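Peer 1: When you get a sec, could you give me coordinates for this:
(chains A, B, C, D, E and F)
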There are 6 protein chains.
Amino acid sequence: MPERSPSAARPAAEDAGAPTGAAGEGALIAQGLRYVNAWKGRTVVVKFGGSVLEANGGGTLAQDLVLLKGAGIHPVLVHGGGPEITRVLERLGRASTFVNGLRVTDAETMEVVEMVLAGRTNKALVSMIIQHGGQAVGLSGKDGRLLVARKRQGDVDLGQVGEIQEVHPELLIRLSEQGYIPVVASLGIGEDGASYNLNADTAAGALAVAVGASKFILLTDVQGVYRDYDGERRLISDLRAADAEALIRDGSISRGMIPKVEACLEALRGGVPSAHIISGSVPHALLVELFTERGIGTMLLPS
Amino acid sequence: MPERSPSAARPAAEDAGAPTGAAGEGALIAQGLRYVNAWKGRTVVVKFGGSVLEANGGGTLAQDLVLLKGAGIHPVLVHGGGPEITRVLERLGRASTFVNGLRVTDAETMEVVEMVLAGRTNKALVSMIIQHGGQAVGLSGKDGRLLVARKRQGDVDLGQVGEIQEVHPELLIRLSEQGYIPVVASLGIGEDGASYNLNADTAAGALAVAVGASKFILLTDVQGVYRDYDGERRLISDLRAADAEALIRDGSISRGMIPKVEACLEALRGGVPSAHIISGSVPHALLVELFTERGIGTMLLPS
Amino acid sequence: MPERSPSAARPAAEDAGAPTGAAGEGALIAQGLRYVNAWKGRTVVVKFGGSVLEANGGGTLAQDLVLLKGAGIHPVLVHGGGPEITRVLERLGRASTFVNGLRVTDAETMEVVEMVLAGRTNKALVSMIIQHGGQAVGLSGKDGRLLVARKRQGDVDLGQVGEIQEVHPELLIRLSEQGYIPVVASLGIGEDGASYNLNADTAAGALAVAVGASKFILLTDVQGVYRDYDGERRLISDLRAADAEALIRDGSISRGMIPKVEACLEALRGGVPSAHIISGSVPHALLVELFTERGIGTMLLPS
Amino acid sequence: MPERSPSAARPAAEDAGAPTGAAGEGALIAQGLRYVNAWKGRTVVVKFGGSVLEANGGGTLAQDLVLLKGAGIHPVLVHGGGPEITRVLERLGRASTFVNGLRVTDAETMEVVEMVLAGRTNKALVSMIIQHGGQAVGLSGKDGRLLVARKRQGDVDLGQVGEIQEVHPELLIRLSEQGYIPVVASLGIGEDGASYNLNADTAAGALAVAVGASKFILLTDVQGVYRDYDGERRLISDLRAADAEALIRDGSISRGMIPKVEACLEALRGGVPSAHIISGSVPHALLVELFTERGIGTMLLPS
Amino acid sequence: MPERSPSAARPAAEDAGAPTGAAGEGALIAQGLRYVNAWKGRTVVVKFGGSVLEANGGGTLAQDLVLLKGAGIHPVLVHGGGPEITRVLERLGRASTFVNGLRVTDAETMEVVEMVLAGRTNKALVSMIIQHGGQAVGLSGKDGRLLVARKRQGDVDLGQVGEIQEVHPELLIRLSEQGYIPVVASLGIGEDGASYNLNADTAAGALAVAVGASKFILLTDVQGVYRDYDGERRLISDLRAADAEALIRDGSISRGMIPKVEACLEALRGGVPSAHIISGSVPHALLVELFTERGIGTMLLPS
Amino acid sequence: MPERSPSAARPAAEDAGAPTGAAGEGALIAQGLRYVNAWKGRTVVVKFGGSVLEANGGGTLAQDLVLLKGAGIHPVLVHGGGPEITRVLERLGRASTFVNGLRVTDAETMEVVEMVLAGRTNKALVSMIIQHGGQAVGLSGKDGRLLVARKRQGDVDLGQVGEIQEVHPELLIRLSEQGYIPVVASLGIGEDGASYNLNADTAAGALAVAVGASKFILLTDVQGVYRDYDGERRLISDLRAADAEALIRDGSISRGMIPKVEACLEALRGGVPSAHIISGSVPHALLVELFTERGIGTMLLPS
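Peer 2: Residues are numbered from 1 along each chain as shown, chains lettered A, B, ... in the order given. Next comes the predicted model:
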C-alpha cells in the first residue's frame, strides 16, 4: 500500500520538509506559488454534501472556491441535499423510504426533491459564494441538458431515481471560462423532459469526467479513507485504484464509504488524474489538500 | 387615440391588405421574411404569468420561443408563479396574505417562494423548451447577481418583498449570444445575500431595459387593453404612452390592468421601443404579434 | 415515381395540412420560421433566363432575392441573355445561327455577347436588386477567374462557345459573406484571356457545386417537369435523379427540357442536395418553393 | 513656380544623382526599396483613357498594376471608353453629338455607353490583368452603389449625363484588401436605379478621395503639363495647386488639359496628397513616376 | 509617520493575526491566494544591484522571479554592475574615478561598462533564470531604443554618463506578454547611436513608470529605510512620499540611501502605486514582501 | 558545373538582358518589384563576420537590412567577432590559441568571448541599425534558450567550445513578426546554464534552418567561390551541392573557404532553398544579390 509520496498528480516540491515556522514563511509561499502554477487554468470539480451544509453553513467552502477562482483555477460545485429534502417532506406529512440507500421517489416526492435541490440548496450556495465576492450561477442537470438520465434499471422500482446516460458539459465550460463558478444540483432530465433524482456523488464524478477536470474532490463528514494497521485505525494518505478495489473486496472499506470510493474510481477510469476524499468541516481543507505536499485527506490515483 | 397603424416599431409592410387566402401564400411569406429581417439579432423579453401555465401548460409558448431563436431573434423568458406558491403554502398549512396585491412574505414564506419559483416553475419551463428542441438555461435573479434588490420601502411591512436596485444583465446577454434561451425566476438578491420576492412584471420590464431589448411582451389572460367606444368595449391595437397614462388617470384602465400597463410604460421610459400586452392562451399569439402587420393584442409605444 | 412527400431536402413540417385560412395564420408563420431556420446561412444559386426578364421585367425576383438575403440565406443569381443578344445582333445587321441549340459564336458575335451579357442584362439586374434595397455586385465569369473555360470540343466548330474547365468561387463566397448579392453573367475566360460564351444553365449548375450551394433553382417559363398519367399531363412535384434519367431515355422529357434537367442532375452529382425547376413568372414563386411544404414546381433529388 | 524637387509627397532619397550605370545598380535598388516602403499598404487610383487602349493595347499598364499589387501597393483602375462608344454607335447607324466635350446621351445612347464600358472595355482590362498573373474584378459605378449620381444640372439638356452625388467605396476597399485589383467603368446609378454616363476623370478623382488614395494618376496621351519658358515649351515636373489655377486663368493651360488638371485639383482638395499627369504610352511610365526621384510627368501638390 | 498598516496598495487581508503555525497553514494559503489574485496580470519592476550578485550569486532571486511569472505576475529585472566593472577595468590597468558617486566614463571606460553590463552580468542573470525553468531574454537599454539618453548636464564633465530622455517600453511589454522575463542592463542609446552609462536605480524607476508597473522593488544590501525612535534605530515599514521627503531634508535619511529613495519617489510621481526597498540577501524576500500583510522591508506610498 | 542561370531559387525575370542604362530604368524597377514580391514575408538569415566590421564599419549592411525590412522581407543578422576578442584578450595580457581554426576557450577566455560578442559587437550592430531607422534587438544564443549547446566532442579538449544540440527559434520569429531586426551573437547555453563559444557560420546556418529561412547569406571578405578554368581563376556564380562537395574533395575549394561552404551545405540539407557567399565590402552587395538576376557572388543550390 503506497503511503502519501511525491507523484505525478502533485507538482514536485523543491523545498522538502515542514514549510511552517517563522523562518519558513518565504519557503511556504514559494511552495504555494508552485502549486498555483501547476493547477492554473485547470478545472476542479468539488462535491459538497447536504449534511455538511447543515452542520456549519458550509464553513470556509464558499471563501475557498472564490480564492481558487481568483488564482485562475476553475472550481465547479456539485451538490445534493438529502437531509433538507427529508425535512420538507416531513413538513408536508410524507415519510421518506430508502432502498439500499436510495430514496424511493414517486411523482410527488420528485417535485419536492426538485424544489429543494434547485430552489433552495442551490440558491443558498449561490448566495454564499456571491457574499464572498465570487460570481456564481446555480444550475440543475436539466439546464442546457447538462445531465441526461433515464429511469434506473434494477429489481426494485425506485420511481424517478435516474441513471446518467449522457453529459453535455458545454454550458459549464463556457460559464467557467467567463468567470462564473457553476453550482449544479444533482437532477437529471429524461429524453421526454421528465425529472430524475440522481446520486450526487455519481453525478459529480460524471461531470468531472465530462469537463476534463484535473481533480475530483469529495467533501464529506470524515477525514478520508481509514484502514487498520496492526489494530490501529489510520488515515490513508495516497491510495492507488487497484488497492482501493482490493480494500473494498476484503471489507476494509465499509458500507458508507463504498459509494464515495466508487465515484472516485469511476472518475479515475474516465481520465481524471486524481480524486480526493476530505473533510468538509476542517477550515480551508480544500486549500490545504490542493496547495500542500502533505495534503489533508485521502488522494486516490490510477493504478 | 391612435388606432393600430404603420409605425416605426413595425417594419413597413409593402404588401398591404389581407395576407391570407390561397393566392396570397407567397405574399404572406414575403411579409414574414420582412419581419424576420427587421427583428434578427434583437432581443425580446417575454413575461409569462404562472396562471397561464396552470391553464393550458403554456400552450405553444415553448414552441414559439424555439422558432424565434432559430430565426435569429433572442427571446428571454421571465416568470412568476403566484398560484403555485399559494398551493404549496396551503399544503404546508400556511395561509397567503396580500396587501395591495403584494404577498406578505415572512422568512418561511420566502423559502417556499424561492423553492417554487426557482425549483419548480423555472425548471418546468426549461423542460418544455428543451422538449421542443431548444437549449434553455433556468436562472433566478440571484444567479450572477442578475437582480440586486433591497427591502421594499413603504408604510406597511411586507417582509421580504423587494424592489430592484441594480440589474447586471451580462450573464443573460452571454447565454443569449451562445444560443441558449434564458428562463428567469423573479427573485432578487440583497447586498447581504438575502432573498427577495419581486413582482414578475416589474422584474421583466427592468430586465428588458437592461439587456436593451427591442420588445417587451407581457403574456396575460386577457386579449390586451380595452376601452369603451360609444358604449362598446373594444380592444386598443396601438397605444401611445401619454394616452395610456391618461386612460389610467380617467379610470378607463382598471385595477388588474394597471400594474401591467405600468410595467410597459417603465420599459418604454427605459428605452425599449415597444411593449405589448397579449393573450397567453391563443396559439402562436407571440408569432402573430411579432410577424404580422395587424398583430393580435395591444402595442404600447413612446409618446 | 415518388410524389412530392416529406424528404431530407425539406425540413420536417410539424403542422401538417393546409397552412392557409384565417385561423391558420399563426401556424403558417410557425412553418415559415422553421424553414428560415433550416436554410439560414446556406447558399442558394438561382438561374434566371433572359426570356423571363423580357416578359415581365423579372417580376418579384429582385424583391424575393432581397428578402432571402435579409433572412440570412445567401442567393447567387446567374443569368444568360439570349433574346437580347439576338436583338442587338439584328440591329448590327447580323443573323444568329444555332447548331443543336448553341449559338455559333465568331469573334464579332462574341464581342456582342459579352457587351450584352456583362454590360446590359447584368447591370439591369443589379439595378433592380438595388432598387429593392439590396446590395448587388454584377460580375462575369471572367472576374476573379470565376469560370475558366476552353473551346468546346465537338464535331462542329461553334467558334468561341466554351466548356468549363475550372471554377474559382472564392470571390462569390467572399461577396456573399459580406452582404452582397452576386449577379453573374455566363461568360468564361480562357487560359489565354480569351472570352467564351457559356450555356447559362450549365454555368449556374457548376457554380452551385463550387460554392457548396444547398439548393440550385432554375427559373424557367414553364411550371416544372410534366409527364403523362393515363393520358393526362401532370406536373411532377418530386423527382429522383434515376427516375429523371429514365424519363429522358424513354422520351417523356422532351427536347427543350432536357438541358435544364441535365443541369439539375449535374448539380446533384456534384453534391447539391436538391435542384428545382419552377416558373419565373409566378409572383414569389421562389419563396413558395423554398418556404412551403408543398412547393410550386419540380424538385429533383439524388436517387 | 516650383521645379521638381524633394517634397513631402516623395520620400527623401538618400542616394542623390543618377541611379543608373553599372556601379549604381545597388544604389538604384536601394532607392527603389525606399519607395516600396513608403507606398506599401497605400492605395493608388489610376485613370486610364480609352484612347490609350486603342493605340497600344494598354502597353505595360496591366503588368505594372500586377507588380504594384505584388509589392503591397493597392492600385484601383478607373476607365472610360469614348472612342469605342463612338465606333459602336456608328455601327448601329447613330451619330455622336458633343456639347462642351460632353456626349449628348439619350436613352438609346445610354444603353450603348453602358454595354461598351461595362461589357467590353471593362472586361478587356480585366482579361489583360489576369493574363499578367493578377486577380482582377471588373465593376461599374452601379455595383455596390459605388457611384450614386443624378442628372447633370446645366443650361443644355445632355440627357443621361450625370454628376456624382455620393460615393460608397466599401466594395472597392474590401476587394483591394482581399488581393483583387478593382477595375471600374465610369457609370453612375441614380436613386431610382437609372444609369448615368459619367466623365471618367471626374469619377476617378472622386473615387481617389473616397478610398483615401495616396496618389491619383491620370494616364493620358501627352507627357504631362507644359508651359512656355522664354518661348520654349517645357514639361512642368512639379506644380502647386495655386500655380495650376493661375496657369488656367492666364490661359497657359489649354482646352483639352483643363478638365484633367481640374480633376487633379479636385482630388487634392479632397485630401489626396499628390496627383500626377503622365503619358500612358511610355513603357512602365507608372513605375518610373512612382519609384524614382525624378519621375516622368507632372506631379501636382497642394499649395 | 505611518506605521505599516492596511492600505490601498495591499489587498485587504481577512485573516488577521499571525499566519504561521501548524493550525494556520490553511489561513496562510488563503492569504497567499488573495495576493496572487490582486497582483495577477500586473507588472513588477525589480532592480537588482551588482553587489548583491557578488555576495551570494543572487540567492533565491531567479527562483522567485520564475515563481512570480508562473503565478501570472510579470516581473521585469533591471540591473547595473558597478563592482564587476571596476574589477575588469583594474585587470585592464585602468583606475575608476567617481564624482558624487557617478563613474567618470571616458570612451574606453564606456566600452568596458557596456561589455560588462550587456555581455556579462546580463547574460549571467539570464542563465540563472533559465536554470530555474524560466524563459529569460537579456536586453540593454539600446535594444528596441528602450532607453534613449543624452549626455548628463551638469558642472562637471563625466563623459558618457547619460540622463534619460525617452523610454520606449513596447519591446518589454510584448516580451512580458509572450511569457518571457526581460532582463535589462542599464545602458542608454543617444539620438546619434552613442552609448550612455545610466544609473541603474533611475533607469529601473523610469522603466517602471513607462510599463505601468504596479510595483517598483529595489533589492539592496540593507533591510530597508531606518530612522531613530528615541535613540533606537528602527526599520520603517510604511512611508508616505511627503514623509520621505521630510526625512531627507532633516538628514534622517543618509547619503547612500538618498538616491534609492529618490528613485522610489520618482516612480511614485510617475504613477507607480508603491515602491519597496528590501534586502536582496534574505531568501525569498521578494515573495514575503509581495505576498504577506507584514512585508519585510520599507514600502513607499504616495502622500 | 552549372553556370549562373535561371533557377527555382530566383523568380523568373521577364525582362532579360542588362537592366541598366537610361531607357531601361523602368525595366529595372519592374524587375526589382518582381523580386520584392517573390521574397516578401520570407526570412533571410545573414551571417556577418567580425573582420568585415573592422574593415569598413559594416559598410552599407545596416542600411540594406533596414531597406529589406521596410520592403516586407525579414532579415536576421548573426555575427561572431574573432578579431575583437583577440584584441581584448591581448589587452588583458592573454594569448589566443587556435586548434584547427577553433579558439581554445578556457573559463576566463569564455568570459571575454561572451563580453565582447554579447556586450560589444552585438550592441554596436544594434546601434548601427537603429541609426539607419530600423528597430533592432540584440540577443545571444542564451536568450530564450535560442541555441542550446554542449561541449564539443573530439580528440582535443578545446574547453568551452560548443556544438549545437537544439535550436528554439520562437523568440526570433516573434521579434521578426513584430517588426524588429534580431541581431544574434554566436553563443550557446548548456543544459546546466553554462556558456559555450560557437562557430558563427555554423550557428547562423542552424538558425536559418530553424526559422525556415528562404535564404542563407554569408558575408565574407572575398567575392565568392572561385575555381580554375583553363588556368584562369573565375568566380562561380551558381553551384549545386553535389558539385560543391566534389570541389572540396578534389581540393579546388581551399582551406579557409571549406567551413563556409560546409555551413551553406548544412543549411541546404536542412531545407533552406539557397545559400549565398558574397563580399561584405561591396556597397549594397546584399541587395544586388537578392534583387537582380545576375547576382554578385556565389549561389549554392541543392543538387
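
Peer 1: pLDDT score for A:Pro11?
Peer 2: The score at A:Pro11 is 48. That number is its pLDDT.

Peer 1: Likewise for the one 3 residues further on?
Peer 2: Per-residue pLDDT puts A:Glu14 at 41.

Peer 1: what's A:Leu268 in contact with, if anything?
Peer 2: By CB atoms under 8 Å, 6 or more residues apart in numbering or on different chains, the contact set of A:Leu268 is A:241, A:274-275, A:300-302. Bear in mind the C-beta positions are built from the backbone N, C-alpha and C, glycine included.

Peer 1: Next to chain E in this structure, residues from the stretch 151-300 of chain A, please.
Peer 2: Proximity of the stretch 151-300 of chain A to chain E (CB under 8 Å from any CB of the partner chain) is limited to residues A:282-285, A:287-288, A:291-292.

Peer 1: possible to save those residues as JSON lines with secondary structure, neighbour count and distance to chain F?
Peer 2: Output for these, formatted as JSON lines (DSSP: H, G, I helix; E, B strand; the rest coil; neighbours: other CB atoms under 10 Å in any protein chain shown; distance: CB to the nearest CB, whole Å):
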{"residue": "A:Val282", "secondary structure": "coil", "neighbour count": "17", "distance to chain F": "43"}
{"residue": "A:Pro283", "secondary structure": "coil", "neighbour count": "19", "distance to chain F": "42"}
{"residue": "A:His284", "secondary structure": "coil", "neighbour count": "25", "distance to chain F": "38"}
{"residue": "A:Ala285", "secondary structure": "helix", "neighbour count": "24", "distance to chain F": "40"}
{"residue": "A:Leu287", "secondary structure": "helix", "neighbour count": "26", "distance to chain F": "34"}
{"residue": "A:Val288", "secondary structure": "helix", "neighbour count": "22", "distance to chain F": "35"}
{"residue": "A:Phe291", "secondary structure": "helix", "neighbour count": "28", "distance to chain F": "29"}
{"residue": "A:Thr292", "secondary structure": "coil", "neighbour count": "21", "distance to chain F": "30"}
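
Peer 1: What residues are bridge-paired with A:Val44?
Peer 2: A:Pro75, A:Lys215 (DSSP bridges).

Peer 1: in the stretch 51-200 of chain A, which spans are helices?
Peer 2: A:61-70, A:82-91, A:107-116, A:122-131, A:170-177, A:200-210 (DSSP state H, counting those that start in this stretch).

Peer 1: just the residues of the stretch 151-300 of chain A next to chain E now: which is nearest E:His74?
Peer 2: A:Phe291 (22.0 Å; CB to CB).

Peer 1: List the contacts of that closest one.
Peer 2: Contacts of A:Phe291 (CB under 8 Å, 6+ apart): A:31-32, A:35-36, E:29.

Peer 1: any idea how far it lies from A:Leu33?
Peer 2: 9 Å (CB to CB, to the nearest Å).

Peer 1: do the same with A:Leu235
Peer 2: Between A:Leu235 and A:Leu33 the computed distance is 28 Å (CB to CB).

Peer 1: go on, A:Asp143?
Peer 2: On the measure of CB to CB, A:Asp143 and A:Leu33 end up 36 Å apart.

Peer 1: of those two, who's got more company?
Peer 2: Higher neighbour count among A:Asp143 and A:Leu33: A:Asp143, with 33 against 28, using other CB atoms under 10 Å in any protein chain shown.
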